[in-house]
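J.: model the structure of this input:
(chains A, B, C and D)
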There are 2 protein chains.
Amino acid sequence: MPPQGRRRRPTQVDIARRAGVSQATVSLVISGGAASDQIAESTRQAVLAAAAELGYSANVAARSLKGGRSHLLGLYTFEPVFPTDQRDFYYPFLLGVEEETAAQGYDLLLFSSVTSAADRSIYAGGANRLKLADGCILLGRNVRREELNALVQEDFPFVFIGRREVEDGEVSYVGADYVGATSAVVAELHRQGHERILYLRAIDDTEPTRDREQGYREGLASAGLEVDERLIQGLADPADLSVEHVLHWIGGYGVTAVLVEPTEDNRLVDALTAMTDSERVRFPDDCSIALLGEPPSWTPELRDWTRFSLPRAEMGREAVRMLVDLLGDAQPASRQTIIPCTFVPGDSIGPAPAGPALRR
Amino acid sequence: MPPQGRRRRPTQVDIARRAGVSQATVSLVISGGAASDQIAESTRQAVLAAAAELGYSANVAARSLKGGRSHLLGLYTFEPVFPTDQRDFYYPFLLGVEEETAAQGYDLLLFSSVTSAADRSIYAGGANRLKLADGCILLGRNVRREELNALVQEDFPFVFIGRREVEDGEVSYVGADYVGATSAVVAELHRQGHERILYLRAIDDTEPTRDREQGYREGLASAGLEVDERLIQGLADPADLSVEHVLHWIGGYGVTAVLVEPTEDNRLVDALTAMTDSERVRFPDDCSIALLGEPPSWTPELRDWTRFSLPRAEMGREAVRMLVDLLGDAQPASRQTIIPCTFVPGDSIGPAPAGPALRR
DNA sequence: TCTCCTAGTTCATACGTATTAGATGCGGTG
DNA sequence: CACCGCATCTAATACGTATGAACTAGGAGA
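T.: This is a model prediction of the structure:
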């Protein structure tokens, strides 16, 4: 049965017939570029005219089948992106990625790890779904290591947003300089007279957390301070950051400043707000506090916490540039980039309290 | 030269060789579904094993060239999405689309119309880029009509978010009920005693604007009011909505209420805020005002303007459902859906001033 | 007149998959 | 033993494009 319901689109063969030339000639004219200057001007015009009359448009599928490239870049997120607050965290990355993808002449393929994570993993059905794209940007905190390993093993071109390491093999990434940024915060606190600085780290042992811890240690070292291991504590749930705990740390450990690693959702900010509202501890008068990063969404009525912020859109853009570079024939310029963070002074740190520990 | 730099992706032929069967068999096993139950279980296992070992994944281009399904849904936005404020307007649609796309087991292909619009149009490079996807969601106010026509002509499956019409042919869409919502606002104003209601419409003649105008006229008619054509005015630039103008309308035309169509960016809100701040006209005491829609981003410190809001995420989801429906063999349930808007009472309308026109 | 060149064009094929119409083998039936 | 049916599998082909090799015509040179 000849195509009947849905009308068949005109092909180069149709144009060729109409213009009285061969399909190859049509291809040469249409795809223009290199070899097309061997074509007589009259022929070229005839072909173009025929193409216009028929309303021809090239078939992308055929083109990329022939060329081996799909001109798609993938974006895969390990985290479900739908809980609203995480969404706000990842959105800026996505914007940067999208913008640069377009600038590079690619389209963006959004892999939905989103729902029922079970069957939407990278290797769903035993096959690497990402391969649909020429290369892929990866994102997310809770990386499934086996999958990351597999990706590296099979030499699939990808760039991770955020520093990631695997056992054997090299991961390309664009990371934020958590080490330097954290160290800088410690330095600033020390400048203001703080010597007992509590570091509340995330409970899981991922690269972003390790980097912050390293920055903390380096910062203390640069300041000539010893690391008191009791001052490094895991914070399982942001809600645990309560006034009671802070009072305990101040009283028990002589802490004058607290560093805390934000979560991708809004729970930490909620906890902070609750603490501030209670007014049993005043920040920064009784205790300084700084965030090692930036909570997802920043609204003006929110307190201007001392923190540092990552250039999320820029990281997205840079990741795409690196990926495109990777796809090129030549050796890529670099496979790992660390981008500096911006220190936001804010209003939640101040000079260390001169007197003895706070007593109320 | 055999592929050398980056390893060539394994194909069905590779699998076939390894499993000792033919390519056709591999295809039958892989694409699963219909005819694959004719395959012996042992063979099937062998093929799947080989595929897994080689890290096979199907080539979309080849698949869609052959007429198969790519399991991709496209999303194309006519507007550049990057000016920050427009971004906020379109984001909720995107979320809905993404969510439902995932739920339906598709991946989402983001076509970037984003940069240099010239070469990123649908038919860029003489090719219909959308074709890579099985179907496509379209979005955006400034539709390029020729392209929309072409899409309809070649019978490509797509759904527009927002009502859109073309000369000959039928566009599938999920629209917001601007007519009903606008009419309802007029009714409410009339209930509060307003009879001279100014309607500030967008300057361009697109469907969303036409629908609002129709709603305005219908609302007046239902209220038993005549339409005074002088009270329908085009608003080219939101900044033109100044105190001076409002005073003029109140004094000159006896206007007691203003309806204004919001833009996708923040300019209208800025103008409104400026007007409120000046305090030369008090809303709603001196004049009621309502927005025929919702400005992109709503932050709590912003005034709670009377308005109606569209269920943007839901529209996105519904559009995807409709598209998937369209892709199925059966006749789609519907090709046009209108979704009601939610009236937000807000605080910017009130009873019509009893006395004569405001004088200061 | 024959060869050679060059500009202009066509031939033939490959890309990776899906699909239809056979091919193959095998056990059973008349 | 010929034949049929059944269960599996394969051969062949089409999809639309790009491209290197081959061809053609017409003129220049020998």
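J.: give me the phi and psi for A:G135.
T.: Main-chain torsions, A:G135, degrees, to the nearest 10: phi -160, psi 180.
J.: doesn't A:L73 make contact with it?
T.: Yes. With contact defined as CB atoms under 8 Å, A:G135 and A:L73 form a contacting pair (5.8 Å). (Glycine included, C-beta is placed from N, CA and C.)
J.: anything in contact with each of the two?
T.: Common neighbours of A:G135 and A:L73, using CB atoms under 8 Å, 6 or more residues apart in numbering or on different chains, are A:L323, A:V324.
J.: more neighbours: which of these two?
T.: A:L73 (28 against 23; other CB atoms under 10 Å in any protein chain shown).
J.: low-confidence stretches in chain A?
T.: Scanning chain A for pLDDT under 70 picks out the ranges A:1-8, A:32-36, A:80-87, A:112-129, A:298, A:300, A:329-334, A:355-360.
J.: what's near enough to touch the nearest residue to A:L231 once chain neighbours are set aside?
T.: Distance criterion CB to CB, 6 or more residues apart in numbering or on different chains; nearest residue to A:L231, sequence neighbours excluded, is A:L198 at 5.0 Å. Listed by CB under 8 Å, 6+ apart, the contact partners of A:L198 are A:L231, A:Q233, A:W249, A:Y253, A:V255, A:A257, A:V258, A:L259.
J.: which ones among these map onto strands?
T.: Members of the contacts of A:L198 lying in strands (criterion: DSSP state E): A:Q233, A:A257, A:V258, A:L259.
J.: give the contact list for the third one.
T.: What it means is A:V258. Counting by CB under 8 Å, 6+ apart, A:V258 has contacts A:I197, A:L198, A:L200, A:V246, A:W249, A:C287, A:S288, A:I289, A:A290.
J.: give the buried residues for stretch A:251-271.
T.: A:255-269, A:271 (16 or more other CB atoms under 10 Å in any protein chain shown).
J.: quick one on the thing from earlier: adding distance to DNA strand D, write the ones in strands among the contacts of A:L198 out as a markdown table.
T.: Shown next, in a markdown table, are the ones in strands among the contacts of A:L198 (distance: CB to the nearest atom of the strand, whole Å):
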| residue | distance to DNA strand D |
| --- | --- |
| A:Q233 | 60 |
| A:A257 | 62 |
| A:V258 | 60 |
| A:L259 | 56 |
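J.: tell me where the stretch 1-150 of chain A has strands.
T.: Secondary structure of the stretch 1-150 of chain A by DSSP state E, counting those that start in this stretch: the strands cover A:72-77, A:107-111, A:135-139.
J.: distance to DNA strand C added to those strands, as TSV?
T.: Listed next are the strands of the stretch 1-150 of chain A as TSV, based on distance: least, CB to the nearest atom of the strand, whole Å:
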stretch	distance to DNA strand C
strand A:72-77	15
strand A:107-111	17
strand A:135-139	17
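J.: the ones you listed into TSV, with extra columns for distance to A:R217?
T.: Below are the strands of the stretch 1-150 of chain A laid out as TSV (distance: least, CB to CB, whole Å):
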stretch	distance to A:R217
strand A:72-77	31
strand A:107-111	37
strand A:135-139	27
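J.: would you mind telling me which of those strands is nearest B:R312?
T.: strand A:107-111 (17.9 Å; CB to CB).
J.: please save the CA atoms from that closest one in PDB.
T.: Only the C-alpha atoms of strand A:107-111 are listed here, as PDB (Å, rounded to 0.1, in the frame of the first residue of the first chain):
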ATOM      1  CA  ASP A 107      19.900  19.500  20.800                       C
ATOM      2  CA  LEU A 108      19.500  18.400  24.300                       C
ATOM      3  CA  LEU A 109      18.100  15.000  25.300                       C
ATOM      4  CA  LEU A 110      16.600  14.900  28.800                       C
ATOM      5  CA  PHE A 111      16.800  11.400  30.200                       C
END
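J.: anything in it near chain B?
T.: Yes. Judged by CB under 8 Å from any CB of the partner chain, strand A:107-111 comes into contact with chain B at A:D107, A:L108, A:L109, A:L110, A:F111.
J.: how many neighbours does A:R196 have?
T.: By other CB under 10 Å, neighbour count at A:R196 equals 16.
J.: and what of A:G180?
T.: If you count neighbours by other CB under 10 Å, A:G180 ends up with 17.
J.: kind regards, and thank you for your time.
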